[in-house]
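Student: quick check, what structure comes out for this input:
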Amino acid sequence: MSLARDVLEACKSRGLMVATAESCTGGMVAAALTDIAGSSAVVERGFVTYTNAAKREMLKVREATLQAHGAVSEPVAREMAAGAFAHSHAQIAVSITGIAGPGGSEHKPEGRVCFALAMAGAPVTSETVEFGALGRAQVRQAACDHALGLLLRAAQSQP
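Tutor: Numbering: from 1, shown residues only. Predicted coordinates for the structure are as follows:
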């Protein structure tokens with residue numbers, strides 16, 4: 001079974017809908033889920049917010065947060081997840097923002113990806129994963145898989 005299929009089954013059995021807020025993955029999480037027939041029972045919507053303007057306009061990420069921390073940061077990931085949750089009818093929202101490469105900087109290296117998860121009745125959680133300089137496609141796929149894992153664990157934690 002695929003991770004995406006596991007997410008769909010876990011969410012469907014619990015009556016949960018999912019929203020995604022994606023930057024460096026460009027919609028890969030939503031695509032992985034919607035590649036599977038029957039995903040409309042679980043996937044509520046996806047936001048691809050590649051630019052800071054899109055993050056501000058679509059997810060209400062604050063300019064002050066972007067200025068203080070940069071787009072690739074846990075505070076921005078948390079605001080992205082909270083925004084996706086608030087602007088959808090989903091019970092779980094996941095966000096992803098990172099540096100897929102090539103390149104990066106001394107302070108934000110290639111392969112750094114920040115994730116956040118928003119759910120009803122729980123604080124927004126976030127984490128950073130250093131995938132390393134695997135190459136753009138591999139970082140994006142690793143980030144997609146990690147986000148699917150977060151969704152699966154979140155769904156499984158629900159009654």
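Student: how much space between the residue at minimal distance from the centre of the chain and R153?
Tutor: The chain has S95 as the residue nearest its centroid, 2.4 Å off, counting by C-alpha atoms, centre = their mean. Per C-beta to C-beta, to the nearest Å, S95 is found 15 Å from R153. Any C-beta I mention is one placed from the backbone N, CA and C, and that applies to glycine too.
Student: before we move on, what about P159?
Tutor: Distance from P159 to R153, by C-beta to C-beta: 14 Å.
Student: what's the answer for A30, then?
Tutor: Computed with C-beta to C-beta, the distance linking A30 and R153 is 18 Å.
Student: contacts for stretch 97-104, please.
Tutor: For stretch 97-104, the external contacting residues (C-beta atoms under 8 Å, 6 or more residues apart in numbering) are 23-25, 71-73, 76-77, 80, 108-114, 133-136, 139-140, 143.
Student: again, but for stretch 144-159
Tutor: 3-4, 6-7, 10-11, 14, 16, 18, 20, 22, 25, 28-29, 32-33, 91-92, 94, 96, 113, 115, 117, 119, 129.
Student: go again using 7 Å as the cut-off
Tutor: Stretch 144-159 has contacts (C-beta atoms under 7 Å, 6 or more residues apart in numbering) with 3-4, 6-7, 10-11, 14, 16, 18, 25, 28-29, 32, 92, 94, 96, 115, 117, 119, 129.
Student: cross these against strands and list the overlap.
Tutor: Cross-referencing these against strands under DSSP state E gives V18, I92, V94, I96, F115, L117, M119, V129.
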